[in-house]
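Below are the sequence and a predicted model; questions follow.
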Amino acid sequence: MVITMYLDAEDERILNGEFGETRQKMMEILVALGRVYDAERLIPITSAQVSGASYKTIGAWGLSWLQSLDARVAVPTVLNPIGMPREQWQEFGVGEKFARRQQEVLEAYRRLGITVECTCTPYYLRITEFGEHMAWSESSAVAYANSVVGARTNREGGPGALAAAIIGKTPYYGLHIVANRRPGVVVDVEGSERGALPADHYGAIGYLAGREVGNRIPIFTNIRPTRDQLKALGAAMAATGAVALFHVDKITPETRIFSFETGGLERITIEQKDIEGLFEEIEVDAVAVGCPHCSADELAELAGLLKGRQTTKPFYIFAARGVIRDNRAIVAAIERSGARVIADTCMVVSPAMDRFRAIMVDSGKALAYVPNMCGALARLGTRAECVEVATS
């Protein structure tokens, strides 16, 4: 059965080109997505987050396309991390040619009315709340927004998110529909029944769980993670699988509102030996944490771990510009050790990290992405182990 998507009178006028060629193109993208996913209509959104912000990932063709657009976004919109910090990019090891192109990408987005807050943790900007419909694109941001905040977004591609931002609407399908947010698989973590899991194991749990669940919606029934641990769990599952929503019984908001029947679902167990097996030791020549970007609490933890120490290896800590701005004293304490707190970018999307042979990271997401995106070996460690290696 072919479903015809309903467009209101203004949508039709946009599609007919009455509001300019750019808006017409964006509406065409949304209509095409709606037809692919059998959406019955478009729905308004409250915010958007657009990927494809690093020149490393979009290249000359992507930049040319952005520069051809002539419209402004209709809702608050932010960017995914770009390929360098906007200031001190030379100190970070970025070449002048790349920096020039990256600035052109930023300017193209700025001209569209997008706030150039470049982060994979837009939820720290307080631009979304429970139940709101959005169009976000970065995998870990989508997982957190859906799961921890209880907002509603599909995992949008860069053009789809940008189209939604400019039109202010997105097709009504997938995770925007409450009935599609039910769990499809149960995940148990071995050893959790004996007490709290080690704080830094949630990225490893997510790394293993994502490979097992794929694009299904998992529900964890026997863990009690904090918000930062939920962030690490979801980010890793989104990287090794395609998880855009997960539930933790009696922890994430929808498990406290809805009663999910899990009796007939497949059960997967994440074993302790497999978790511990991810923490293998290899020699590294740099350490990087903040993938996803660090929270204020994580920055404070790093400041405590680095107190009285000096780095002997490059140690990069990535966080959103707004989080850095609001925690200047903590950032200053971190940087007295020789570590560097970097805004706007991350280890995955910056060419500056490509010069390292092996990088130690503290997240399952980075463990999954660094080998392909940076061409480097990746070693997973706890945050304390990252500090130890960076200062030993």
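Perfect, I can see it now.

I'd like to know how many residues surround G174.
The number of residues packed near G174 is 17, by other CB atoms under 10 Å. Bear in mind the C-beta positions are built from the backbone N, C-alpha and C, glycine included.

And for the residue nearest to it when sequence neighbours are not counted, the neighbour number?
The shortest distance from G174 to any non-neighbouring residue, by CB to CB, 6 or more residues apart in numbering, is to N154 (4.3 Å). By other CB under 10 Å, 26 other residues sit near N154.

go on, L33?
When neighbours are counted by other CB under 10 Å, L33 registers 22.

show me the contacts for it.
L33 makes contact with 39, 160, 171, according to CB atoms under 8 Å, 6 or more residues apart in numbering.

now A368
Contacts for A368 were tallied using CB under 8 Å, 6+ apart; they are 207, 210, 236, 239-240.

tell me, what residue is most central in this protein?
S140 (3.1 Å; CA atoms, centre = their mean).

any idea how far that residue is from L233?
Using CB to CB, to the nearest Å, we find S140 at a distance of 10 Å from L233.

quick one, strands of the stretch 201-350 of the chain?
Applying DSSP state E, counting those that start in this stretch to the stretch 201-350 of the chain gives strands spanning 218-220, 247-248, 266-270, 286-294, 315-319, 340-342.

follow-up on the earlier one: the residue nearest to the centre of the chain: which element?
Using DSSP states H and E, S140 sits in helix 139-144.

secondary structure class for M360?
At M360, secondary structure determined by DSSP: H, G, I helix; E, B strand; the rest coil is strand.

still on that earlier bit, pretty sure the residue nearest to G174 is in contact with H176, am I right?
Yes - proximity of N154 to H176 meets the contact threshold set by CB atoms under 8 Å, at 6.9 Å.

how distant is stretch 63-74 from the center of its chain?
23 Å (CA atoms, centre = their mean, to the nearest Å).

same question, stretch 132-152
Worked out by CA atoms, centre = their mean, stretch 132-152 lies 9 Å from the chain centre.

One more: stretch 304-314?
Distance of stretch 304-314 from its chain centroid, counting by CA atoms, centre = their mean, is 27 Å.

Show me the helices in this structure, by range?
Remark: helices assigned in the chain by DSSP state H are 9-15, 21-36, 55-67, 96-111, 139-144, 158-167, 202-213, 227-240, 272-277, 296-306, 321-325, 328-335, 364-374, 383-391.

Now do the residue nearest to I43 when sequence neighbours are not counted, the pLDDT please.
Using CB to CB, 6+ apart and skipping residues adjacent in sequence, the residue nearest I43 is Y172, 4.6 Å away. On pLDDT, Y172 comes in at 98.

Y172: what's it in contact with?
Counted by CB under 8 Å, 6+ apart, Y172 has contacts 39-43.

rerun at 10 Å
Going by CB atoms under 10 Å, 6 or more residues apart in numbering, Y172 touches 5-6, 34, 37, 39-43, 133, 152.

Any chance of JSON lines for those, columns distance to Q229?
Converted to JSON lines, the contacts of Y172 look like this (distance: CB to CB, whole Å):
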{"residue": "M5", "distance to Q229": "39"}
{"residue": "Y6", "distance to Q229": "42"}
{"residue": "G34", "distance to Q229": "36"}
{"residue": "Y37", "distance to Q229": "32"}
{"residue": "A39", "distance to Q229": "34"}
{"residue": "E40", "distance to Q229": "37"}
{"residue": "R41", "distance to Q229": "37"}
{"residue": "L42", "distance to Q229": "36"}
{"residue": "I43", "distance to Q229": "32"}
{"residue": "H133", "distance to Q229": "27"}
{"residue": "R152", "distance to Q229": "23"}
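
where in the stretch 151-300 of the chain is pLDDT low?
193-196 (pLDDT under 70).

Quick one: residues contacting the residue lying closest to G168 once chain neighbours are set aside.
Nearest non-adjacent residue to G168, counting by CB to CB, 6+ apart: A74, 3.3 Å away. A74 sits next to 23, 26, 44-45, 48, 113, 164-169 when contact means CB under 10 Å, 6+ apart.

can you list residues touching both of S140 and L233?
By CB under 10 Å, 6+ apart, S140 and L233 have these common neighbours: 206, 243.

what comes up buried for stretch 210-227?
By neighbour count on 16 or more other CB atoms under 10 Å, the buried set for stretch 210-227 is 210, 212-213, 216-221, 223, 225.

Could you measure from the nearest residue to R110 once chain neighbours are set aside over to V178?
In space, and not counting its chain neighbours, R110 is closest to V116: 5.6 Å by CB to CB, 6+ apart. V116 is 34 Å from V178, where distance means CB to CB.
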